[in-house]
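Asker: Here you go, sequence then predicted model.
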Amino acid sequence: MTLAPELTCDPALAAAAARWRDWLAHEKRYSVHTLTGYQHDLAGFLRFLAGHLGGPPGLKDLETLKPLDFRAWLAELNRRELSRTSIARALSCLRGFFRYLEKQGVVRNSAISALRTPRVPKSVPKALSIEEAFDLILSAPDLADDTWIGLRDRALLTLLYGCGLRIGEALDLNRSQAPGLYGNPADTMMVRGKGNKDRLVPVLPAVRQAIAAYLEVCPIAGDGDTPLFLGLRGGRLAAGVAQARVRNLRALLGLPETATPHALRHSYATHLLAGGGDLRTIQELLGHASLSTTQRYTDVDMARLSAVYEDAHPRARKKG
(Lines give C-alpha, C1' and ligand atoms only; values in the text may rest on other atoms or scores of the structure.)
Protein backbone atom coordinates (compact mmCIF):
# COMPACT_ATOMS: atom_id res chain seq x y z
CA MET A 1 0.00 0.00 0.00
CA THR A 2 1.20 3.48 -0.78
CA LEU A 3 2.19 5.83 2.02
CA ALA A 4 -0.71 7.75 3.49
CA PRO A 5 -0.61 11.54 3.11
CA GLU A 6 0.07 13.49 6.29
CA LEU A 7 -3.13 14.25 8.15
CA THR A 8 -3.95 17.65 9.62
CA CYS A 9 -5.38 16.50 12.95
CA ASP A 10 -4.46 15.51 16.48
CA PRO A 11 -2.59 12.22 17.17
CA ALA A 12 -5.65 10.31 18.40
CA LEU A 13 -7.58 11.03 15.22
CA ALA A 14 -4.54 10.20 13.08
CA ALA A 15 -4.21 6.85 14.88
CA ALA A 16 -7.90 6.09 14.30
CA ALA A 17 -7.48 6.91 10.61
CA ALA A 18 -4.48 4.57 10.38
CA ARG A 19 -6.48 1.73 11.97
CA TRP A 20 -9.28 2.34 9.48
CA ARG A 21 -6.86 2.18 6.54
CA ASP A 22 -5.45 -1.10 7.85
CA TRP A 23 -8.96 -2.48 8.24
CA LEU A 24 -9.87 -1.52 4.67
CA ALA A 25 -6.68 -3.08 3.34
CA HIS A 26 -6.64 -6.33 5.31
CA GLU A 27 -10.26 -7.03 6.21
CA LYS A 28 -12.15 -5.45 3.31
CA ARG A 29 -9.29 -6.07 0.86
CA TYR A 30 -9.76 -2.77 -0.95
CA SER A 31 -7.54 -2.27 -3.97
CA VAL A 32 -4.46 -0.05 -3.75
CA HIS A 33 -6.18 2.36 -6.15
CA THR A 34 -9.24 2.70 -3.90
CA LEU A 35 -7.14 2.98 -0.74
CA THR A 36 -5.03 5.75 -2.24
CA GLY A 37 -8.16 7.66 -3.25
CA TYR A 38 -9.70 7.29 0.20
CA GLN A 39 -6.49 8.38 1.90
CA HIS A 40 -6.41 11.59 -0.11
CA ASP A 41 -10.14 12.21 0.38
CA LEU A 42 -9.84 11.90 4.16
CA ALA A 43 -6.71 14.06 4.23
CA GLY A 44 -8.54 16.73 2.22
CA PHE A 45 -11.52 16.68 4.57
CA LEU A 46 -9.30 17.06 7.64
CA ARG A 47 -7.42 19.95 6.01
CA PHE A 48 -10.75 21.62 5.35
CA LEU A 49 -11.82 21.07 8.96
CA ALA A 50 -8.59 22.58 10.27
CA GLY A 51 -9.38 25.80 8.44
CA HIS A 52 -13.10 25.61 9.14
CA LEU A 53 -12.66 25.08 12.89
CA GLY A 54 -9.53 27.17 13.34
CA GLY A 55 -7.17 24.36 14.31
CA PRO A 56 -6.32 20.67 13.84
CA PRO A 57 -9.49 18.64 14.52
CA GLY A 58 -9.72 15.80 17.01
CA LEU A 59 -12.16 12.97 17.63
CA LYS A 60 -14.39 15.17 19.80
CA ASP A 61 -14.66 17.69 16.96
CA LEU A 62 -15.93 14.97 14.63
CA GLU A 63 -18.67 14.14 17.12
CA THR A 64 -19.96 17.72 17.24
CA LEU A 65 -20.07 18.41 13.50
CA LYS A 66 -23.45 19.54 12.16
CA PRO A 67 -25.00 19.02 8.71
CA LEU A 68 -24.04 22.63 7.96
CA ASP A 69 -20.35 21.78 8.49
CA PHE A 70 -20.51 18.87 6.07
CA ARG A 71 -22.36 21.02 3.53
CA ALA A 72 -19.64 23.65 3.82
CA TRP A 73 -17.10 20.95 2.93
CA LEU A 74 -19.16 19.86 -0.09
CA ALA A 75 -19.44 23.50 -1.15
CA GLU A 76 -15.64 23.73 -1.02
CA LEU A 77 -15.32 20.66 -3.25
CA ASN A 78 -17.75 22.21 -5.72
CA ARG A 79 -15.86 25.51 -5.61
CA ARG A 80 -12.73 23.58 -6.64
CA GLU A 81 -14.75 22.23 -9.59
CA LEU A 82 -14.27 18.57 -8.69
CA SER A 83 -16.28 16.17 -10.80
CA ARG A 84 -19.46 14.63 -9.43
CA THR A 85 -17.68 11.28 -9.45
CA SER A 86 -14.85 12.64 -7.27
CA ILE A 87 -17.28 14.28 -4.85
CA ALA A 88 -19.35 11.10 -4.61
CA ARG A 89 -16.22 9.10 -3.82
CA ALA A 90 -15.10 11.59 -1.16
CA LEU A 91 -18.53 11.44 0.47
CA SER A 92 -18.50 7.64 0.36
CA CYS A 93 -15.05 7.68 1.97
CA LEU A 94 -16.22 9.96 4.76
CA ARG A 95 -19.38 7.98 5.45
CA GLY A 96 -17.31 4.81 5.65
CA PHE A 97 -14.87 6.42 8.07
CA PHE A 98 -17.65 7.62 10.36
CA ARG A 99 -19.34 4.20 10.26
CA TYR A 100 -16.05 2.60 11.25
CA LEU A 101 -15.55 5.04 14.12
CA GLU A 102 -19.08 4.38 15.36
CA LYS A 103 -18.61 0.60 15.26
CA GLN A 104 -15.39 1.01 17.21
CA GLY A 105 -17.22 3.08 19.82
CA VAL A 106 -14.99 6.08 19.15
CA VAL A 107 -17.26 8.66 17.50
CA ARG A 108 -21.00 8.80 16.95
CA ASN A 109 -22.39 11.42 14.57
CA SER A 110 -25.42 10.92 12.34
CA ALA A 111 -25.24 14.36 10.74
CA ILE A 112 -23.41 13.03 7.69
CA SER A 113 -26.41 10.84 6.83
CA ALA A 114 -28.34 14.02 6.00
CA LEU A 115 -26.16 14.59 2.95
CA ARG A 116 -27.25 13.41 -0.48
CA THR A 117 -24.79 11.67 -2.76
CA PRO A 118 -24.38 13.52 -6.08
CA ARG A 119 -26.07 11.69 -8.93
CA VAL A 120 -23.29 10.17 -11.02
CA PRO A 121 -23.97 8.88 -14.53
CA LYS A 122 -23.09 5.20 -14.75
CA SER A 123 -20.15 4.49 -16.99
CA VAL A 124 -19.75 1.06 -18.52
CA PRO A 125 -16.18 -0.04 -19.34
CA LYS A 126 -15.69 -0.77 -23.02
CA ALA A 127 -15.08 -4.38 -23.88
CA LEU A 128 -12.39 -5.40 -26.31
CA SER A 129 -13.38 -7.40 -29.33
CA ILE A 130 -12.41 -11.07 -29.27
CA GLU A 131 -9.66 -10.31 -31.79
CA GLU A 132 -8.31 -7.40 -29.72
CA ALA A 133 -8.27 -9.53 -26.57
CA PHE A 134 -6.32 -12.27 -28.32
CA ASP A 135 -3.92 -9.77 -29.89
CA LEU A 136 -3.20 -8.27 -26.47
CA ILE A 137 -2.58 -11.67 -24.89
CA LEU A 138 -0.53 -13.24 -27.66
CA SER A 139 1.61 -10.13 -28.21
CA ALA A 140 2.64 -9.84 -24.55
CA PRO A 141 6.00 -11.63 -25.04
CA ASP A 142 6.94 -9.24 -27.88
CA LEU A 143 7.74 -6.36 -25.51
CA ALA A 144 9.74 -8.35 -22.98
CA ASP A 145 13.54 -8.46 -22.91
CA ASP A 146 13.44 -11.71 -20.94
CA THR A 147 11.46 -14.76 -22.03
CA TRP A 148 10.09 -15.40 -18.57
CA ILE A 149 8.78 -11.84 -18.25
CA GLY A 150 6.97 -12.17 -21.56
CA LEU A 151 5.43 -15.48 -20.56
CA ARG A 152 4.50 -14.02 -17.17
CA ASP A 153 2.65 -11.16 -18.86
CA ARG A 154 0.90 -13.53 -21.23
CA ALA A 155 -0.13 -15.80 -18.35
CA LEU A 156 -1.48 -12.85 -16.37
CA LEU A 157 -3.52 -11.48 -19.27
CA THR A 158 -4.80 -14.95 -20.15
CA LEU A 159 -5.95 -15.34 -16.54
CA LEU A 160 -7.74 -11.98 -16.53
CA TYR A 161 -9.58 -12.72 -19.77
CA GLY A 162 -10.01 -16.46 -19.27
CA CYS A 163 -11.28 -16.32 -15.67
CA GLY A 164 -12.62 -12.77 -15.33
CA LEU A 165 -10.39 -11.89 -12.39
CA ARG A 166 -9.76 -8.41 -11.09
CA ILE A 167 -6.10 -7.39 -11.44
CA GLY A 168 -5.74 -7.31 -7.65
CA GLU A 169 -7.21 -10.80 -7.31
CA ALA A 170 -4.77 -12.19 -9.87
CA LEU A 171 -1.73 -10.52 -8.32
CA ASP A 172 -2.71 -11.70 -4.83
CA LEU A 173 -2.45 -15.34 -5.91
CA ASN A 174 0.37 -17.53 -4.62
CA ARG A 175 1.84 -20.54 -6.38
CA SER A 176 -0.07 -22.85 -4.04
CA GLN A 177 -3.29 -21.62 -5.68
CA ALA A 178 -2.25 -22.31 -9.27
CA PRO A 179 -4.56 -24.75 -11.06
CA GLY A 180 -3.10 -28.22 -11.43
CA LEU A 181 -0.30 -27.60 -8.91
CA TYR A 182 0.07 -28.43 -5.21
CA GLY A 183 -2.78 -30.92 -5.43
CA ASN A 184 -5.21 -28.34 -6.85
CA PRO A 185 -7.78 -29.39 -9.43
CA ALA A 186 -6.77 -28.47 -12.96
CA ASP A 187 -10.15 -27.12 -14.03
CA THR A 188 -11.16 -24.85 -11.12
CA MET A 189 -9.48 -22.28 -8.90
CA MET A 190 -10.49 -20.63 -5.64
CA VAL A 191 -10.16 -16.85 -5.79
CA ARG A 192 -10.40 -14.44 -2.88
CA GLY A 193 -12.18 -11.26 -3.89
CA LYS A 194 -13.50 -8.11 -2.28
CA GLY A 195 -14.58 -8.39 1.32
CA ASN A 196 -12.51 -11.57 1.72
CA LYS A 197 -15.19 -13.50 -0.20
CA ASP A 198 -14.00 -16.66 -1.91
CA ARG A 199 -15.42 -17.88 -5.18
CA LEU A 200 -14.71 -20.91 -7.30
CA VAL A 201 -14.04 -20.16 -10.96
CA PRO A 202 -13.65 -22.60 -13.85
CA VAL A 203 -10.21 -22.66 -15.49
CA LEU A 204 -9.83 -23.30 -19.21
CA PRO A 205 -6.90 -25.38 -20.48
CA ALA A 206 -5.49 -22.26 -22.18
CA VAL A 207 -5.22 -20.51 -18.80
CA ARG A 208 -3.62 -23.49 -17.10
CA GLN A 209 -1.16 -23.96 -19.97
CA ALA A 210 -0.15 -20.29 -19.98
CA ILE A 211 0.56 -20.36 -16.24
CA ALA A 212 2.51 -23.63 -16.54
CA ALA A 213 4.61 -22.26 -19.42
CA TYR A 214 5.49 -19.18 -17.36
CA LEU A 215 6.40 -21.13 -14.23
CA GLU A 216 8.53 -23.55 -16.23
CA VAL A 217 10.92 -20.78 -17.32
CA CYS A 218 10.65 -18.50 -14.26
CA PRO A 219 14.22 -18.28 -12.88
CA ILE A 220 13.11 -17.46 -9.33
CA ALA A 221 12.74 -20.51 -7.11
CA GLY A 222 10.04 -20.62 -4.51
CA ASP A 223 7.44 -22.66 -2.68
CA GLY A 224 3.69 -22.55 -2.29
CA ASP A 225 3.83 -19.23 -0.44
CA THR A 226 5.73 -17.56 -3.29
CA PRO A 227 3.63 -15.06 -5.26
CA LEU A 228 2.40 -16.56 -8.51
CA PHE A 229 3.28 -13.45 -10.52
CA LEU A 230 6.73 -12.08 -9.70
CA GLY A 231 8.49 -8.84 -10.50
CA LEU A 232 12.09 -8.57 -11.69
CA ARG A 233 13.44 -8.47 -8.13
CA GLY A 234 11.50 -11.49 -6.96
CA GLY A 235 8.72 -9.71 -5.10
CA ARG A 236 5.03 -9.78 -5.86
CA LEU A 237 4.30 -8.07 -9.18
CA ALA A 238 2.80 -4.62 -8.56
CA ALA A 239 -0.45 -3.61 -10.23
CA GLY A 240 1.16 -0.42 -11.54
CA VAL A 241 3.84 -2.43 -13.33
CA ALA A 242 1.25 -4.73 -14.91
CA GLN A 243 -0.84 -1.75 -16.01
CA ALA A 244 2.23 -0.09 -17.54
CA ARG A 245 2.98 -3.27 -19.49
CA VAL A 246 -0.54 -3.21 -20.90
CA ARG A 247 -0.22 0.48 -21.81
CA ASN A 248 2.91 -0.30 -23.80
CA LEU A 249 1.22 -3.27 -25.45
CA ARG A 250 -1.82 -1.31 -26.55
CA ALA A 251 0.43 1.39 -28.00
CA LEU A 252 2.29 -1.29 -29.95
CA LEU A 253 -0.97 -2.75 -31.25
CA GLY A 254 -2.77 0.54 -31.83
CA LEU A 255 -5.51 -0.33 -29.34
CA PRO A 256 -7.58 2.37 -27.60
CA GLU A 257 -6.81 3.68 -24.11
CA THR A 258 -9.74 1.65 -22.83
CA ALA A 259 -7.65 -1.51 -23.37
CA THR A 260 -6.70 -2.02 -19.72
CA PRO A 261 -6.37 -5.07 -17.44
CA HIS A 262 -9.89 -4.39 -16.15
CA ALA A 263 -11.18 -4.26 -19.73
CA LEU A 264 -10.14 -7.90 -20.10
CA ARG A 265 -12.36 -8.81 -17.12
CA HIS A 266 -15.21 -6.80 -18.66
CA SER A 267 -14.58 -8.47 -22.03
CA TYR A 268 -14.79 -11.87 -20.33
CA ALA A 269 -18.31 -11.07 -19.12
CA THR A 270 -19.39 -9.42 -22.36
CA HIS A 271 -18.22 -12.29 -24.54
CA LEU A 272 -19.82 -14.87 -22.27
CA LEU A 273 -23.13 -13.01 -22.52
CA ALA A 274 -22.79 -12.77 -26.29
CA GLY A 275 -22.09 -16.50 -26.40
CA GLY A 276 -25.30 -17.37 -24.57
CA GLY A 277 -24.23 -17.30 -20.92
CA ASP A 278 -27.00 -16.19 -18.56
CA LEU A 279 -26.48 -13.06 -16.49
CA ARG A 280 -26.91 -14.75 -13.12
CA THR A 281 -24.23 -17.32 -13.85
CA ILE A 282 -21.84 -14.63 -15.04
CA GLN A 283 -22.45 -12.61 -11.87
CA GLU A 284 -21.46 -15.69 -9.88
CA LEU A 285 -18.33 -16.16 -11.95
CA LEU A 286 -17.33 -12.52 -11.48
CA GLY A 287 -18.11 -12.44 -7.75
CA HIS A 288 -20.08 -9.22 -8.06
CA ALA A 289 -21.22 -7.54 -4.84
CA SER A 290 -24.82 -7.68 -6.08
CA LEU A 291 -24.91 -11.37 -5.20
CA SER A 292 -26.25 -12.30 -1.78
CA THR A 293 -23.65 -11.86 0.94
CA THR A 294 -24.80 -15.17 2.42
CA GLN A 295 -23.87 -17.11 -0.70
CA ARG A 296 -21.69 -20.13 -0.04
CA TYR A 297 -19.63 -21.23 -2.93
CA THR A 298 -19.93 -24.88 -1.93
CA ASP A 299 -23.60 -24.58 -2.92
CA VAL A 300 -22.79 -23.39 -6.43
CA ASP A 301 -23.48 -25.97 -9.11
CA MET A 302 -19.98 -26.08 -10.57
CA ALA A 303 -21.03 -28.54 -13.27
CA ARG A 304 -23.54 -25.97 -14.51
CA LEU A 305 -21.05 -23.11 -14.28
CA SER A 306 -18.39 -25.10 -16.12
CA ALA A 307 -20.84 -26.12 -18.84
CA VAL A 308 -21.89 -22.51 -19.45
CA TYR A 309 -18.26 -21.42 -19.37
CA GLU A 310 -17.04 -24.07 -21.82
CA ASP A 311 -19.93 -23.48 -24.22
CA ALA A 312 -19.89 -19.69 -24.16
CA HIS A 313 -16.28 -18.54 -23.73
CA PRO A 314 -14.46 -17.90 -27.03
CA ARG A 315 -11.16 -19.05 -25.53
CA ALA A 316 -12.72 -22.48 -25.07
CA ARG A 317 -13.98 -22.60 -28.66
CA LYS A 318 -10.87 -21.22 -30.36
CA LYS A 319 -8.68 -23.87 -31.95
CA GLY A 320 -4.92 -23.70 -32.50
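Answerer: The structure has been received and is ready for your questions. Numbers count the residues shown, from 1 in each chain.

Asker: what pLDDT does Leu3 get?
Answerer: Note on Leu3: pLDDT of 45.

Asker: all helices for the stretch 151-300 of the chain, in order.
Answerer: 167-171, 205-217, 239-253, 261-274, 279-286 (DSSP state H, counting those that start in this stretch).

Asker: Same list (the ones you listed) but as CSV, adding mean neighbour count, mean pLDDT and distance to Cys93.
Answerer: Yep, even glycine has a C-beta here, placed from its N, CA and C like the rest. Formatted as CSV, the helices of the stretch 151-300 of the chain follow (neighbours: other Cβ atoms under 10 Å; pLDDT from 0 to 100; distance: least, Cβ to Cβ, whole Å):
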stretch, mean neighbour count, mean pLDDT, distance to Cys93
helix 167-171, 21, 93, 18
helix 205-217, 18, 94, 35
helix 239-253, 16, 89, 20
helix 261-274, 21, 84, 21
helix 279-286, 17, 71, 24
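
Asker: any chance of the ones you listed in TSV, plus distance to Gly193?
Answerer: Output for the helices of the stretch 151-300 of the chain, formatted as TSV (distance: least, Cβ to Cβ, whole Å):
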stretch	distance to Gly193
helix 167-171	6
helix 205-217	17
helix 239-253	15
helix 261-274	11
helix 279-286	9
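
Asker: between the top helix by length along the chain and helix 239-253, how many degrees?
Answerer: The longest helix of the chain (DSSP state H) is helix 32-53. Orientation of helix 32-53 against helix 239-253 (axes from the mean of the first three to the mean of the last three Cα atoms, to 10 degrees) gives an angle of 120 degrees.

Asker: from now on call the first residue 25
Answerer: Sure, I'll start numbering at 25, so the last one becomes helix 56-77.

Asker: which other residues reach helix 56-77?
Answerer: By Cβ atoms under 8 Å, 6 or more residues apart in numbering, the list of residues contacting helix 56-77 from outside reads 25-26, 28-33, 37, 41, 45, 48-49, 54, 80-81, 85, 93, 96-97, 100, 113-114, 117-118, 120-121, 192, 263.

Asker: The helix or strand following that helix: how far from the chain's middle?
Answerer: Using DSSP states H and E, the next helix or strand after helix 56-77 towards the C-terminus is helix 83-88. Its chain's C-alpha centre and that of helix 83-88 lie 32 Å apart, by Cα atoms, centre = their mean, to the nearest Å.

Asker: Please identify which of the helices of the stretch 175-324 of the chain is closest to Val131.
Answerer: Set against Val131 and scored by Cβ to Cβ, these come closest in helix 191-195, at 29.8 Å.

Asker: Tally up the residues packed near Ser134, please.
Answerer: By the criterion of other Cβ atoms under 10 Å, Ser134 has 9 neighbours.

Asker: scratch that, Ala42
Answerer: Ala42: 12 surrounding residues under other Cβ under 10 Å.

Asker: Three-state assignment for it, please.
Answerer: Three-state call for Ala42 (DSSP: H, G, I helix; E, B strand; the rest coil): helix.

Asker: Please report the distance of it from Arg71.
Answerer: According to Cβ to Cβ, to the nearest Å, Ala42 and Arg71 sit 17 Å apart.

Asker: Check Pro203 too.
Answerer: Taking Cβ to Cβ, one finds Pro203 at 47 Å from Arg71.

Asker: Of those two, which one has the most company?
Answerer: Neighbours were counted for Pro203 and for Arg71 using other Cβ under 10 Å; Pro203 has more, 23 against 18.

Asker: Check the gap between the more buried one and Ala236 for me.
Answerer: For Pro203 relative to Ala236 (Cβ to Cβ), the value is 9 Å.

Asker: Lys52 now?
Answerer: Note on Lys52: its distance to Ala236, by Cβ to Cβ, is 33 Å.

Asker: and the host helix or strand of Gly120, how far out from the chain's middle?
Answerer: Per DSSP H and E: Gly120 is located in helix 108-127. Distance of helix 108-127 from the chain centroid (Cα atoms, centre = their mean) equals 18 Å.

Asker: Does Tyr238 touch Leu183 like I think?
Answerer: No. Counting by Cβ atoms under 8 Å, Tyr238 does not reach Leu183; the two are 10.1 Å apart.

Asker: Other residues contacting the helix holding Gly120?
Answerer: With Cβ under 8 Å, 6+ apart as the criterion, helix 108-127 contacts 40-41, 44, 47-48, 61-62, 65-66, 68-69, 83, 86, 94, 98, 101-102, 106, 131-133, 136-137, 139, 141-144.

Asker: Might you report the residue contacts of Val231?
Answerer: Contacts for Val231 (Cβ under 8 Å, 6+ apart) come out as 182-183, 186-187, 203, 339.

Asker: Of those - the most surrounded one?
Answerer: Highest count within those by other Cβ under 10 Å belongs to Leu183, 31 neighbours.
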